[in-house]
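1. Sequence first, then the predicted structure:
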2 protein chains.
Amino acid sequence: MAIFLNEEATFKRVESDCIFCKIIQGKIPSFKVYEDDKTLAFLDIGPVNKGHALVIPKEHYELYMDVPENLLLVWMASVRKVAKAVMKATNSDGLNISLSMGKAAGQTVNHAHFHVIPRFEGDGFRHWPQGKYGEGEALRYVDKIKADLE
Amino acid sequence: MAIFLNEEATFKRVESDCIFCKIIQGKIPSFKVYEDDKTLAFLDIGPVNKGHALVIPKEHYELYMDVPENLLLVWMASVRKVAKAVMKATNSDGLNISLSMGKAAGQTVNHAHFHVIPRFEGDGFRHWPQGKYGEGEALRYVDKIKADLE
C-alpha cells in the first residue's frame, strides 16, 4: 500500500498493483460512465448483460467492510445514480446491485466494487439456491448475529 | 397502497398485502437480528448459507429505485452494520451484498430488500457468467449511460 498526498492535501489511498487504481489514474483505459470527486463508474468488460457497470470509491480499499462510513454513503449514492442511468440506457426490465467481499464470495479484483447489472425478462441469469434451517437453528443464528449489534 | 399516520405524525407507508410490511408490524413472525427507527433486518428463511439476512426499510417501497435518497443512505448504513455482525457471527470467509430489482432480476417480494449472505471457501455458490462486447459496442453503451448522468 502506497499513500500519496493529493492536490487537496488529503490522504489519497492508492495501491500500485491494483487494476482499478490504475484505471482511476488513467494508466489503464476503461469505458467510464460516471465520475465525481470520490467515485468512478465504468463498464465491466465481461458483462452479465451489456451495460453492466462497476461503481468504485476512488480511494483504494480492498474490502467493502474497510470503506469508511462517510465514503460508503457517497459511494452508495453513486451506485444508485449509475443504476438509474444503466436501467434507462438499456431499457432493462430490472437490475441487480451486487457486491462480493473476499475470494470466497467471488471478489476477483481487490478494490471494493459494486456491480450494477441490467436484467431482462428471460435472460437466464439464475437465482441462487435456497437452503433450510433445522429445528431451533435459526434462533441460534439470530442470537449470534444480535450479539454484535446490541 | 394504504397510508397511515404513525406516532411521530409522519407519513408511514404500509402495503396491506406485503409480507415484509406484516413482519414489520409483527403480524407475521420473523427471526429479527436488527431493528432501528427506519430499518429492520431478519433471517432469510431460505438461506443460501445459514445466517443469510435481509435488510429492509420499514416504509414500503416496492423498488430500490423508489426509496428516497435520505432513507436509502440510512438503509445502506444498516446493511453494513448487519453485514459486519453476520460475518462475525458465522465466522464467514466473505460476504455477498445483493439486491434484485424487478421480477426480471429475481425480486420475489415486492418490498425492496438487500440480501447479506455469508460466504465460505468452496461453498459452491457460483459466480455469474460473463459476456463480451463486440467491436465498438462498449462505447455505444457508455454514451447511452452517460447521457443520463451529465
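-> Received the coordinates, thanks.

2. In chain A, mark out all the helices, start to finish.
-> A:19-24, A:69-90, A:137-147 (DSSP state H).

3. Now the shortest one: buried residues?
-> Read that as helix A:19-24. For helix A:19-24, burial by neighbour count (16 or more other Cβ atoms under 10 Å in any protein chain shown) applies to A:20, A:21, A:22, A:23, A:24. The C-beta positions use only the backbone N, C-alpha and C, and glycine is treated the same way.

4. got it, and the second one?
-> For helix A:69-90, the neighbour count (16+ other Cβ under 10 Å) marks A:71-90 as buried.

5. Also near chain B: which of those residues, exactly?
-> Counting by Cβ under 8 Å from any Cβ of the partner chain, the subset of the buried residues of helix A:69-90 that neighbours chain B consists of A:72-73, A:76-77, A:80-90.

6. what is the residue most central in space within chain A paired to in the beta sheet?
-> Chain A has residue A:114 as the residue nearest its centroid, 1.5 Å off, counting by Cα atoms, centre = their mean. Beta-bridge pairing for residue A:114 (DSSP bridges): residue A:55, residue A:99.

7. isn't it right up against residue A:75?
-> Yes - Residue A:114 is in contact with residue A:75 according to Cβ atoms under 8 Å; the separation is 7.4 Å.

8. Give the intersection of the neighbour lists for these two.
-> Taking Cβ atoms under 8 Å, 6 or more residues apart in numbering or on different chains as the contact rule, residue A:114 and residue A:75 both touch A:55, A:56.

9. Name the nearest of the buried residues of helix A:19-24 relative to residue B:47.
-> residue A:20 (30.8 Å; Cβ to Cβ).

10. any idea of the pLDDT on that closest one?
-> Looking at residue A:20, its pLDDT reads 97.

11. List the contacts of it.
-> So, once contact is read as Cβ under 8 Å, 6+ apart, residue A:20 ends up touching A:54, A:56, A:60, A:109, A:111, A:113.

12. and what of residue A:98?
-> By Cβ under 8 Å, 6+ apart, the contact list for residue A:98 reads A:114, A:115, A:117, B:96, B:97, B:98, B:99.
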